[in-house]
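In: quick one: sequence plus predicted model below, questions after.
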Amino acid sequence: MNTNYGSIHSLDTKMTSTAHSIRLIAILFLLAVAVNWQYGFSSTYLNTPVDQFKEYLNESLGGDMSEGTYNLWWDLIQNIWFVGFFIGIFLNPVLNDRLGRRYGMMIANSFILIASIMQFLAVLLYIPILLIIGRAIASTFTAVAFQAVVLYLQESPPTHIRGTASFLSEISFALFTIEGTMLGTDELLGNNLPWLTASVIPICAFSVVILFFVPETSKFLLMSGADRSVVEHSVRFFHGPDANVATILKETEIEIAEEAISSTWSSILDLVRIPHLRKALILAVCCLQNCVALWTFIYNSTLFLEDINIDSGIAKWAATAMCVSYFVCTVIGGTFVDRWGRRKILIPFSYMNVACIAVFTLFSQLQKLQDFWKYFGVATLILFAGSYGCGVGAISWFISSELTPIKYRTLMQSACYGINTVSVVISTFVVLPFYFWIGTYCFLILYCLPSAFALIYITRNLPETRGREIHDIVNELRG
């Protein structure tokens, strides 16, 4: 009887734990959606209705627009996103560290809602400068909200599902790149730009409202000296009412015990001066280097495919297929990241990702000799998006949080994302002029070569972080 009772009790405990994990994943996914619906949409809705936006700009500027004028305006509309994102990165310590992850995200999402309305009005009233301003504001506060949700996904779940939880940001982003690309096709909203830009406004409103029902992370509350009952409420909200609060908080206290409570910009030199922080910074920047190419292909895949003689309609749907591949493979990666570990997923798929860019370059050159090679080019871009989704993107964006003590976490995020954004801005501004000059060979110089050097360093130095507490990982980096 006692044995049977023990078995039943153990089974009940396991089922309860699984139910709490599913509940937590659902909550965190909603938080990720609250940031990444707009982020994914804004990253891709310009890709497919290129001709319609060209007509919009022509009408807005009086109907006599030169090709040079169009290229200037189009570059500004596209790439102002990265300028704003870069600025927003450095608001992260101000908002997410001083006010908390919850209030930082709430403020950011409120500004994103205003910016989304501005973009709708810009298209409706034919005011392209307002579209640029709206995208700049949206991207600035998207950077704040994105970093806040990464912290939520790292700080809220128990260690054994931290990797899966951290993948939720990439999964939701990938999902809504599909939406942005598909809605921009002629068959949906591509021929109605006001409706296209308005479609995201209700979601931005939802993104503000949902945060009224989600508490601050227990880690931030604990290190900011909040009342113990408030901290315990946060633990039970995310871990379930039956959570062992004392054990969870003890691990958190170990993590923050040896560090001061908050990070400030006066600590920026520590990231370079202190050896284990410097190593974490280099590793995180190298991981993010493999993410730089994605933006070029998200924004310009239709152009690249049309240039290898793919029909315009097929090229637009191929861009959607890339996003679908990205999403499906991100879900797959999220399923296995806590079973296989970070290294076993990140490193092989990063090499595959770089290889896809090189192979696409090869097929684009072979197409000039035999036209059928263009179809292999399409397949390669879809594989590129899939390999990125399997682990390159998600792990690269959250790995800095797993390598860094809590004191420096938001500062490390800002430094890594800032360096990465500079790389993205430079590459997105120069890639098209470079592309029109030497063709697809530019991808080898801009993306394959830097990523190859980064991957060598990652392969040699990146520790496995699966199933380990942050303080243990940091101690390994200390040596």
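Out: Received, thanks.
In: what's the helix or strand containing Y299 packed up against?
Out: Here Y299, judged by DSSP states H and E, is contained in helix 292-307. Judged by 3 or more C-beta pairs under 8 Å, 6 or more residues apart in numbering; DSSP states H and E, helix 292-307 is in contact with helix 2-44, helix 312-340, helix 342-366, helix 373-387, helix 409-438, helix 449-461. The way it works is simple: take the backbone N, C-alpha and C, and place the C-beta from them, glycine included.
In: could you give the angle of that helix to helix 449-461?
Out: 140 degrees (axes from the mean of the first three to the mean of the last three C-alpha atoms, to 10 degrees).
In: identify each buried residue in helix 292-307, please.
Out: 292-302, 304-305, 307 (16 or more other C-beta atoms under 10 Å).
In: need the helices and strands packed on helix 292-307 in CSV (columns: mean pLDDT, mean neighbour count and distance to A122).
Out: CSV is the format used below for those (pLDDT from 0 to 100; neighbours: other C-beta atoms under 10 Å; distance: least, C-beta to C-beta, whole Å):
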stretch, mean pLDDT, mean neighbour count, distance to A122
helix 2-44, 76, 17, 13
helix 312-340, 91, 20, 23
helix 342-366, 97, 20, 34
helix 373-387, 96, 21, 29
helix 409-438, 89, 19, 21
helix 449-461, 97, 16, 35
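In: would you list the ones you listed in CSV and tack on distance to R478?
Out: Output for those, formatted as CSV (distance: least, C-beta to C-beta, whole Å):
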stretch, distance to R478
helix 2-44, 30
helix 312-340, 25
helix 342-366, 19
helix 373-387, 33
helix 409-438, 15
helix 449-461, 14
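In: of the ones you listed, which is nearest F238?
Out: helix 2-44 (5.7 Å; C-beta to C-beta).
In: next helix or strand past that closest one?
Out: Using DSSP H and E, the first helix or strand after helix 2-44 is helix 50-60.
In: now that next one: buried residues?
Out: Buried-residue list, helix 50-60, by 16+ other C-beta under 10 Å: 50, 52-53, 56-57, 60.
In: for Y457, see how far away I445 is.
Out: 19 Å (C-beta to C-beta, to the nearest Å).
In: residue ranges of the helices in the stretch 101-250 of the chain, please?
Out: Per DSSP state H, counting those that start in this stretch, the stretch 101-250 of the chain carries helices over the ranges 101-124, 128-155, 162-183, 193-198, 201-209, 218-223, 228-239, 245-257.
In: so which of the ones you listed comes closest to V33?
Out: helix 162-183 (5.0 Å).
In: centre of the chain to the closest one, how far?
Out: A distance of 8 Å separates the centroid of the chain from that of helix 162-183, by C-alpha atoms, centre = their mean, to the nearest Å.
In: in terms of secondary structure, what does it contact?
Out: So helix 162-183, by 3+ C-beta pairs under 8 Å, 6+ apart, packs with helix 2-44, helix 128-155, helix 312-340, helix 393-402.
In: and it, what's buried?
Out: 162-183.
In: mind checking the pLDDT average for that helix?
Out: Averaging pLDDT along helix 162-183 yields 90.
In: keeping just the C-alphas, turn it into CSV.
Out: Output of helix 162-183 as CSV, limited to C-alpha atoms (Å, rounded to 0.1, in the frame of the first residue of the first chain):
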residue,chain,number,x,y,z
ARG,A,162,15.1,28.1,-19.4
GLY,A,163,16.3,27.3,-22.9
THR,A,164,12.8,26.4,-24.2
ALA,A,165,11.4,29.6,-22.6
SER,A,166,14.1,31.7,-24.2
PHE,A,167,13.3,30.3,-27.6
LEU,A,168,9.7,31.8,-27.3
SER,A,169,10.9,35.2,-28.4
GLU,A,170,12.4,33.9,-31.6
ILE,A,171,9.4,31.6,-32.2
SER,A,172,7.0,34.5,-31.9
PHE,A,173,9.2,36.8,-34.0
ALA,A,174,9.4,34.2,-36.7
LEU,A,175,5.6,33.6,-36.7
PHE,A,176,4.9,37.3,-37.3
THR,A,177,7.5,37.7,-40.0
ILE,A,178,5.2,35.3,-41.9
GLU,A,179,2.2,37.6,-41.2
GLY,A,180,4.1,40.7,-42.4
THR,A,181,5.2,39.0,-45.6
MET,A,182,1.9,37.4,-46.4
LEU,A,183,-0.2,40.5,-45.7
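In: what's the angle from it to helix 312-340?
Out: Going by the same axes, to 10 degrees, helix 162-183 makes 170 degrees with helix 312-340.
In: by how many degrees do helix 162-183 and helix 128-155 diverge?
Out: Using the same axes, to 10 degrees: helix 162-183 against helix 128-155 is 160 degrees.
In: what angle do helix 162-183 and helix 342-366 make?
Out: 30 degrees.
In: how far off helix 201-209 does helix 162-183 point, in degrees?
Out: 160 degrees.
In: how far away is the spatially closest residue to E59 that is not a sequence neighbour from Y70?
Out: Residue nearest to E59 in three dimensions, not counting chain neighbours: Y126, with 6.0 Å by C-beta to C-beta, 6 or more residues apart in numbering. For Y126, the distance to Y70 equals 15 Å [C-beta to C-beta].
In: try P202
Out: Counting by C-beta to C-beta - P202 and Y70 are separated by 32 Å.
In: for the two, indicate the residue with more neighbours.
Out: Y70 (15 against 12; other C-beta atoms under 10 Å).
In: skip ahead from the helix or strand encompassing that one and say which helix or strand is next.
Out: For Y70, the host element (DSSP H and E) is helix 67-89. Per DSSP H and E, the first helix or strand lying C-terminal to helix 67-89 is helix 92.
In: rewinding a little: out of the helices and strands packed on helix 162-183, which gets nearest to L369?
Out: helix 312-340 (20.6 Å).
In: output the contacting helices and strands for the closest one.
Out: helix 162-183, helix 292-307, helix 342-366, helix 373-387, helix 393-402.
In: can you list the domain ranges for this structure.
Out: 1-257, 263-479 (automatic domain parsing).
In: which residue is nearest the middle of this structure?
Out: Against the mean C-alpha coordinate of the chain, by C-alpha atoms, centre = their mean, the closest residue is E170 at 5.4 Å.
In: with adjacent residues omitted, what lies nearest to that one?
Out: According to C-beta to C-beta, 6+ apart, the nearest residue to E170 is A394 (3.4 Å).
In: any idea how far that neighbour is from L444?
Out: Counting by C-beta to C-beta, the gap from A394 to L444 is 26 Å.
In: more neighbours: which of those two?
Out: More neighbours surround A394 than the other of A394 and L444, with 29 against 16 (other C-beta under 10 Å).
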